[in-house]
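**Student:** got a predicted structure here, sequence first:
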Amino acid sequence: MTYRLTLNVLFVILLLLTGSVLAADASSRSTTVSGGTTSLGYVGDEQVTISRLSSGRFLYPKSAQRRSIEGEVTIEFNVGIDGKVSSAFIVEANPPGRFDSSALRYVNSFVYEPYRLNGTPVEVERISVRIPFRLR
């Protein structure tokens, strides 16, 4: 009975220590979107600045993290009259295919303040952001 209890206690301690290591590892991921919370886009031929209100959770792909792979993805998209991202596509990815889906998921979670032209919300096109994937 004592042997079994000792094993269970050791197992719980091991789980707690592993959880601490994983938590520390999860906090080592970081990214910043180039340009901060504002982005440049176009309404017709006029270049405008649009403000991002929020973004979803950034997820570093576990397979890339395990292999210590870093990179970046450039994405172009439009922002509709409701402030949501539409028509997002990859312009450039380095390394190709490694971070694409994670970057697209992240960018599609962005919400912008709708751009108003003469008081009416309009679609902003050709917004380009660079998403760096860096390990600290």
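**Tutor:** Good, I have the coordinates.
**Student:** I81 should be in a strand, yeah?
**Tutor:** No: counting by DSSP: H, G, I helix; E, B strand; the rest coil, I81 is located in no strand; its state is coil.
**Student:** wait, doesn't it sit right on P114?
**Tutor:** Yes: with contacts counted by CB atoms under 8 Å, I81 reaches P114, the gap being 5.6 Å. Yep, even glycine has a C-beta here, placed from its N, CA and C like the rest.
**Student:** now do the shared contacts for those two.
**Tutor:** Residues touching both I81 and P114 (CB atoms under 8 Å, 6 or more residues apart in numbering) are P121, V122.
**Student:** who has more neighbours out of those two?
**Tutor:** P114 (19 against 13; other CB atoms under 10 Å).
**Student:** which residue packs closest to that one, ignoring adjacent ones?
**Tutor:** P121 (3.9 Å; CB to CB, 6 or more residues apart in numbering).
**Student:** ok, now which ones touch P95?
**Tutor:** For P95, the contacting residues are I69, G71, by CB under 8 Å, 6+ apart.
**Student:** outline the domain layout of this protein.
**Tutor:** Segmentation of the chain into domains, based on automatic domain parsing, reads 1-30, 32-135.
**Student:** most packed of the ones you listed?
**Tutor:** domain 32-135 (a mean of 15; mean count of other CB atoms under 10 Å).
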